[in-house]
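Participant: Please work out how this folds:
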Amino acid sequence: MDNTPIDTAATQVTSGLLAGKVAFVTGAGRGIGAAAARLFAREGARVLLAARTEAQLEAVAEEIRAAGGTADHVVCDLADAAAVRAAVDRAVELYGRLDVAFNNGAAIAPPGPMDRTREADLDHVYAVNLRGTWQAMAAEVAAIRATAKTGAIVNTSSVGSLTGNPELAAYAATKRAVNSLTESAAVTYGPEGIRVNAIAPGTVLTEMLREWEKSSPGIVEQLNARTPLRRTADPDEIAQAAAWLLSDRSSYVTGTVLRVDGGMLA
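Facilitator: The predicted structure is shown next:
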């Protein structure tokens, strides 16, 4: 009888949703992005984390490595096209390929009516949420095409992109544009075997939500009252949806915007 101990960590990696894949994650220093980076590593991926704040990236990457995963990080401002391309190229330099990407990084303007939104804030939200996502996808498609040949990309949208939003008009508008960009990319790159989807989270307990609550006290309670599950989501719950869409288990899903909203828009 063979009494050799089973390496459970190795077993998890070989059987994970993303086993053997290289994943690139933006906005990975905190919130949904950090939760996704941790989850993707647990599911067997080698992960490159990207965001603007190096200390946050280092902390998450070290946590992943301490748990037995493979992770590194790169500082990247999504509003900087050259930095975005360099970050994606870094994944290939480190791991030799790129299989999947989760474009989660985003910016938000101070909540309030659209006529009070400053032009500089609008420009920044556009530069990060739409142009940054566009540039990241272009670089990711090129990297996947040159290395793994086929793969998947998921963009983070928002339920706010699917309805009017009196508090976050600029954010919602750019996220609606991300939906369109996702659909266009899906029909463009589908023939090459590159799937592109988006997730539209509802109310998620992130730093962005906490900041919104500070400026608009009671907003979380209001949003939860509109949500059939009557609660906010944990960032890991959103990451789980992204992991599935990036995995081979969703191999016939592309061009969709998946609501992960607790039923808010049901």
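Participant: use CA for all of it now, contacts and neighbours both
Facilitator: Will do.
Participant: Now do the phi/psi pair for Thr26.
Facilitator: phi -100, psi 160 (degrees, to the nearest 10).
Participant: Please apply the same query to Val187.
Facilitator: phi -80, psi -20.
Participant: got a list of what the closest residue to it other than its chain neighbours touches?
Facilitator: Once flanking residues are discounted, Val187 sits nearest to Gly255: 7.1 Å by C-alpha to C-alpha, 6 or more residues apart in numbering. Listed by C-alpha atoms under 8 Å, 6 or more residues apart in numbering, the contact set of Gly255 reads 182-187, 195-198.
Participant: go on, Val125?
Facilitator: Neighbouring residues of Val125 by C-alpha under 8 Å, 6+ apart: 106-109, 170-171, 174.
Participant: when you check those residues against the helices, which ones overlap?
Facilitator: Members of the contacts of Val125 lying in helices (criterion: DSSP state H): 170-171, 174.
Participant: Most neighbours among these, please name it.
Facilitator: Ala170 (28 neighbours; other C-alpha atoms under 10 Å).
Participant: That one touches Ala109, doesn't it?
Facilitator: Yes. Between Ala170 and Ala109 there is a contact at 7.0 Å, judged by C-alpha atoms under 8 Å.
Participant: shared neighbours, those two?
Facilitator: Taking C-alpha under 8 Å, 6+ apart as the contact rule, Ala170 and Ala109 both touch 122, 125.
Participant: tell me, what residue is most central in this structure?
Facilitator: What sits nearest the mean C-alpha location of the chain, by C-alpha atoms, centre = their mean, is Asn104, with 2.8 Å.
Participant: and of the ones in helices among the contacts of Val125, the nearest to Gln222?
Facilitator: Nearest to Gln222, judged by C-alpha to C-alpha, of those is Tyr171 at 18.9 Å.
Participant: sorry, back to before: which one of the ones in helices among the contacts of Val125 is nearest to Ile144?
Facilitator: When those are compared against Ile144 (criterion: C-alpha to C-alpha), the nearest one is Thr174, at 25.3 Å.
Participant: Please tell me how far Ser157 sits from Ala243.
Facilitator: 15 Å (C-alpha to C-alpha, to the nearest Å).
Participant: Give me the more crowded residue out of those two.
Facilitator: Neighbour count, other C-alpha under 10 Å: between Ser157 and Ala243, Ser157 has more, with 30 against 22.
Participant: Quickly note the distance from the residue nearest to that one when sequence neighbours are not counted to Ala23.
Facilitator: Closest residue to Ser157 apart from its sequence neighbours, by C-alpha to C-alpha, 6+ apart: Ala200 at 4.7 Å. As judged by C-alpha to C-alpha, Ala200 and Ala23 stand 20 Å apart.
Participant: And for Pro217?
Facilitator: 37 Å.
Participant: Between these two, tell me which one has more neighbours.
Facilitator: Ala23 (28 against 12).
Participant: bridging residues for that one?
Facilitator: Beta bridges link Ala23 to Val47, Val100 when assigned by DSSP bridges.
Participant: Pull the contacting residues for it.
Facilitator: Neighbours of Ala23 in contact, by C-alpha under 8 Å, 6+ apart: 40, 45-48, 98-102.
Participant: The residue nearest to the centre of the chain and Ile153 touch, don't they?
Facilitator: No. The pair Asn104 and Ile153 fails to qualify as a contact (C-alpha under 8 Å) at a distance of 10.6 Å.
Participant: before we move on, back to that, tell me the pLDDT at the residue nearest to Val187?
Facilitator: According to the prediction, Gly255 has pLDDT 98.
Participant: Give me the phi and psi angles of it.
Facilitator: For Gly255, the backbone dihedrals (degrees, to the nearest 10) come out as phi 80, psi 20.
Participant: got the buried residues for stretch 49-60?
Facilitator: Across stretch 49-60, burial judged by 16 or more other C-alpha atoms under 10 Å covers 49-54, 57-58, 60.
Participant: Do me a favour and get the end-to-end distance for that stretch?
Facilitator: Termini of stretch 49-60 sit 8 Å apart (C-alpha to C-alpha).
Participant: Good, wrapping up.
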